[in-house]
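Engineer: Test case, fold it:
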Amino acid sequence: MTDGDDKPELSVHIILGVSDYTIIRTETRPKIGSPGESVAELTKFGCSIMSPGKEVVISSMLLTQTAVADYEQLCKLDVLGIQDSAIGDQANVYDEFKEQLKTRSAEGWYETGLPWKGNHPPLPNNKGGSLKRLVNTVRKLENQGLLEHYDAIIKEQLVEGIVEPAEEQVVGREFYIPHKPMIRESADSTKLRVVYDASAQAYDKAPSLNDCLHAGPPLQNQLWSVLVRSRFHPVLTTRDMEQAFLQVRIRMQDRDAMLFHWIADIETRWVRFTRALFGLSSSPFLLGGCGVNDIAKGPLEDPLDT
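Structural biologist: Residues are numbered from 1 along each chain as shown. Take a look at the predicted model:
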């Protein structure tokens, strides 16, 4: 039996116990070579290699998984020293999110509030800082010849309802989010993006908008589970949702916390987001929460069928 691999040694990818191996093996007869050579056997995950006896140690690290909980604990970011543990009971944050989440409309929209921390410090509106950074942004865009393109992006968002003109009377918390261009010449589609800085501070040691929001518990599928399930199917497909965060509507009471300045008719105007935006610490949680709720409710009826 040959596999075309000419490496002198192959690393161990995963070690299974006998009880686990009997579950994934198939009825296909194993391929046995000369005495002392490894045995190849077809499993539900593909071809596996079994040792005929004593082997030369080629790796100094082995992983023994006795339970799923052990693996999840091992791979937690705070255990690896990459990220601190979340503060507060994130399960309660998710429960509160589900209670206030408005049911999906006939057009397919969910509407949610921002997950504010109950004890966050007073949030300055950052109006002065936003205006100061706007001057620098406009100057940079003019120097690069991108001002019209940048303006067209914001006008398109106004037409699509992603942003809207702000009311003179502020409702709820007020915060102005600075923004700047991000240019990627190597991108195939969008070479210029508007990046919003929800971590901006009005002054030193002042809280930012992101500081006042719960990031929420992670609702993404566990990568380990995805990899294992993928081995049971011959073909895998993936898809990407265009402007995913912008598919989640934010309720009216929280929109004035997502204000930003822009120029129109030579005057400075203020605009506000109606959707979750990229750069908001809670946007991944809001998108994931709506996605989980969407799966639980099932698909909407096709309007053409009603």
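
Engineer: what's the neighbour count on the nearest residue to Lys191 once chain neighbours are set aside?
Structural biologist: Setting aside the residues directly before and after it, Lys191 is nearest to Arg184 in space (C-beta to C-beta, 6 or more residues apart in numbering), at 5.7 Å. C-beta coordinates here come from the backbone N, C-alpha and C atoms, glycine included. Counted with other C-beta atoms under 10 Å, residues neighbouring Arg184 total 11.

Engineer: hang on, isn't Arg184 packed against Val195?
Structural biologist: No. With contact defined as C-beta atoms under 8 Å, Arg184 does not reach Val195; the gap is 11.1 Å.

Engineer: part of a helix, is Ser130?
Structural biologist: Yes. Assessed by DSSP: H, G, I helix; E, B strand; the rest coil, Ser130 belongs to a helix.

Engineer: Name the nearest residue to it, ignoring sequence neighbours.
Structural biologist: Closest residue in space to Ser130, ignoring its immediate chain neighbours: Tyr176 at 3.6 Å, by C-beta to C-beta, 6+ apart.

Engineer: Is that neighbour in contact with Asn125, as I believe?
Structural biologist: Yes. In this structure Tyr176 lies within contact range of Asn125 using C-beta under 8 Å: 6.1 Å.

Engineer: Which one of those two is surrounded by more residues?
Structural biologist: Tyr176 (27 against 16).

Engineer: Who are the contact partners of the more buried one?
Structural biologist: 125-127, 129-131, 259-261, 270 (C-beta atoms under 8 Å, 6 or more residues apart in numbering).

Engineer: at 10 Å what do you get?
Structural biologist: 124-131, 133-134, 166, 200, 202, 209, 256-261, 270, 272 (C-beta atoms under 10 Å, 6 or more residues apart in numbering).

Engineer: Just the residues you listed: which are in strands?
Structural biologist: Counting by DSSP state E, the contacts of Tyr176 place 259-261, 270, 272 in strands.

Engineer: For Ser19, what are phi and psi?
Structural biologist: Torsion angles at Ser19 (phi, psi; degrees, to the nearest 10) stand at phi -60, psi -40.

Engineer: so where is this protein shaky, pLDDT-wise?
Structural biologist: Applying pLDDT under 70 to the chain flags residues 1-5, 7, 9-15, 52-89, 187-190, 264-268, 292-306.

Engineer: which residues in it form helices?
Structural biologist: Here the chain has its helices, by DSSP state H, at 18-24, 68-74, 77-80, 90-100, 127-144, 147-160, 223-230, 283-297.

Engineer: what's the closest of the ones you listed to Tyr110?
Structural biologist: Tyr110 sits nearest to helix 283-297 of all these, at 4.4 Å, using C-beta to C-beta.

Engineer: and for Tyr176 and Asn125, which residues touch both?
Structural biologist: 202, 256-257, 259.

Engineer: Most neighbours out of those, which is it?
Structural biologist: With neighbours defined as other C-beta under 10 Å, the most crowded of the shared contacts of Tyr176 and Asn125 is Ala257; it has 26 neighbours.

Engineer: Could you list which residues are in contact with it?
Structural biologist: By C-beta under 10 Å, 6+ apart, the residues touching Ala257 are 114, 116, 123, 125, 170-177, 198, 209, 212-213, 250, 272-273, 280.
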